[in-house]
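*Asks:* Build me a structure from this.
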Amino acid sequence: MSTAKRVPETARGLDADAARETLSEVGKKRLLKDAFVRLRAADGTSHSRSLAFMGALVLVQALIVLLGLAAGFGSVGLTKTVADNVGGAVPGPAGSVLTDAVEQAKEVGSAHEFLPLLLGLLSLVITATFAMGQMERGLNRIYGVERDRPAKQKYSRALLLAVTVGPLLGAALLLIGFAPDPDNPTTTSLGEAWSYLRWPIALALVATALALILRFSPNRQQPGRAWLSFGATTAVVLWIATTVILAVSFRFASTFPQTYGPLAGVVALLLWTYLSALAIFYGVAVAAELEATAATSAEQGKATDSALSEPALAETS
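*Replies:* This is a model prediction of the structure:
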């Protein structure tokens, strides 16, 4: 159960200038610290674990189903390209799990086994919907909202987010993995330029997905984009940092595959999705704390104005 203090719904009275003023007054360092306290109070680590499991399941299912369908309809080149590059989209041994998923998709799709793929597609949509439902639960607790939407409203919205936000995140992941080989003599200047352009495009997709989640997932009236942008940016930066750190750690941790053996890829994938979920929820906590700070400052201002007006009223009487 969340013990995070509820953030007042002051969306209608908050504009972009007020967001910048509040951020300037409270300071980024203090805001990030207070957001960490809010995340702990909301039991953000537990919500991150739940979301990480669902996220890993969605990722593997999506690769098998979508690329299996592509292979079944003759797009073998697409599946080969994904197989060659998808391992570079996630850090360390986690990439091997996704590569195995792509190989499985090629095998099922080439055999034209469409019924299992269609059932898998249905399972993917259901899993992604429940993942977005878990996302709402986590965001609600961070904002201090103890009750989720009624089940019908919650999961209908979760389904809508799954079919809109999910493809954005999937496209970003594939863009990061599609890196042309600079040592290949057939790589053109356009391919070399793409190796740099894919990063801002992928990050823009991730930022857009997080903005949609922040705007429409919580069971409350959210403020404008200016109030959510700093939290979304924090989540993206933290996600990049954790992904890079994990990649470097796996590269130098030669004993990791020896310790976990054939399960090394699964463990690495779950670890990456857990830290990614934690980065998302921390960014949400930053946005929530910024709005909570503005609400507290507004209440204090009203109290001060009331206290100053009382002596004047006494003198008049």
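*Asks:* ok, and the closest non-adjacent residue to Arg20?
*Replies:* Beyond its immediate neighbours in the sequence, the residue positioned closest to Arg20 (Cβ to Cβ, 6 or more residues apart in numbering) is Ala226, lying 7.4 Å away. All C-beta spots, glycine's among them, are computed from the backbone N, C-alpha and C.
*Asks:* Helix or strand: which one has the one you found?
*Replies:* Secondary structure assignment for Ala226, by DSSP states H and E: helix 225-252.
*Asks:* Tell me the helices and strands packed up against the next helix or strand after that helix.
*Replies:* Per DSSP H and E, helix 225-252 leads on to helix 255-260 as the next helix or strand towards the C-terminus. Helix 255-260 sits against helix 264-316, with contacts defined as 3 or more Cβ pairs under 8 Å, 6 or more residues apart in numbering; DSSP states H and E.
*Asks:* for the record, mean pLDDT for the helix it packs on?
*Replies:* Regarding helix 264-316, the rounded mean pLDDT is 77.
*Asks:* rewinding a little: I'd assumed Glu21 was in contact with the residue nearest to Arg20.
*Replies:* No. With contacts counted by Cβ atoms under 8 Å, Ala226 stays clear of Glu21, the gap being 10.9 Å.
*Asks:* what about the two, which has more around it?
*Replies:* For Ala226 against Glu21, the residue with the higher neighbour count under other Cβ atoms under 10 Å is Ala226, and the figures read 16 against 13.
*Asks:* gap between the more buried one and Phe36?
*Replies:* Relative to Phe36, Ala226 is positioned 22 Å away (criterion: Cβ to Cβ, to the nearest Å).
*Asks:* now do Leu263
*Replies:* Leu263 is 31 Å from Phe36, by Cβ to Cβ.
*Asks:* got it, and Phe250?
*Replies:* Phe250 sits at a distance of 26 Å from Phe36 (criterion: Cβ to Cβ).
*Asks:* Compare these two (neighbour count), which wins?
*Replies:* Residue environment comparison for Phe250 versus Phe36 gives the larger neighbour count to Phe250, 20 against 15, counting by other Cβ under 10 Å.
*Asks:* Give me the pLDDT value at that one.
*Replies:* Residue-level pLDDT assigned to Phe250 equals 80.
*Asks:* isn't it right up against Phe256?
*Replies:* Yes. With contact defined as Cβ under 8 Å, Phe250 counts as touching Phe256 (6.2 Å).
*Asks:* hmm, back to that, tell me the helices and strands packed up against the helix holding Ala226.
*Replies:* Based on contacts counted as 3+ Cβ pairs under 8 Å, 6+ apart, the elements that helix 225-252 packs against are helix 16-26, helix 189-216, helix 264-316.
*Asks:* Would you point to the one among those helices that's packed deepest?
*Replies:* When neighbours are counted by mean count of other Cβ atoms under 10 Å, the highest per-stretch mean among the helices and strands packed on helix 225-252 falls to helix 264-316, a mean of 18.
*Asks:* I'd like to know the average pLDDT value across stretch 176-195.
*Replies:* If you average the pLDDT over stretch 176-195, you get 63.
*Asks:* lowest average confidence, helix or strand, in this protein?
*Replies:* When the helices and strands of the chain are compared on mean pLDDT, DSSP states H and E, helix 76-85 comes out lowest with a mean of 58.
*Asks:* Over to the nearest residue in space to Glu291 that is not next to it in sequence. Which of the three states is it?
*Replies:* Distance criterion Cβ to Cβ, 6+ apart; nearest residue to Glu291, sequence neighbours excluded, is Val7 at 5.3 Å. Using DSSP: H, G, I helix; E, B strand; the rest coil, the three-state assignment for Val7 comes out as coil.
*Asks:* State the distance from Val7 to Leu246.
*Replies:* 31 Å.
*Asks:* Between these two, point out the one with more neighbours.
*Replies:* Neighbours around Val7 and Leu246, counted as other Cβ under 10 Å, are more numerous at Val7. The numbers are 24 against 20.
*Asks:* doesn't Thr293 make contact with the more buried one?
*Replies:* No. With contacts defined as Cβ under 8 Å, Val7 does not count as touching Thr293, sitting 9.6 Å away.
*Asks:* give the contact list for Ala285.
*Replies:* Taking Cβ atoms under 8 Å, 6 or more residues apart in numbering as the contact definition, Ala285 lies against Ala35, Phe36, Arg38, Leu39, Ala42, Gly44, Ile142, Gly231.
*Asks:* Low-confidence regions, the stretch 1-150 of the chain specifically.
*Replies:* In the predicted model of the stretch 1-150 of the chain, residues 1-3, 11-14, 70-113 satisfy pLDDT under 70.
*Asks:* same thing but at 90, please
*Replies:* 1-5, 8-28, 56, 59-121, 146 (pLDDT under 90).
*Asks:* Can you report how many residues neighbour Leu115?
*Replies:* The number of residues packed around Leu115, counting by other Cβ under 10 Å, is 8.
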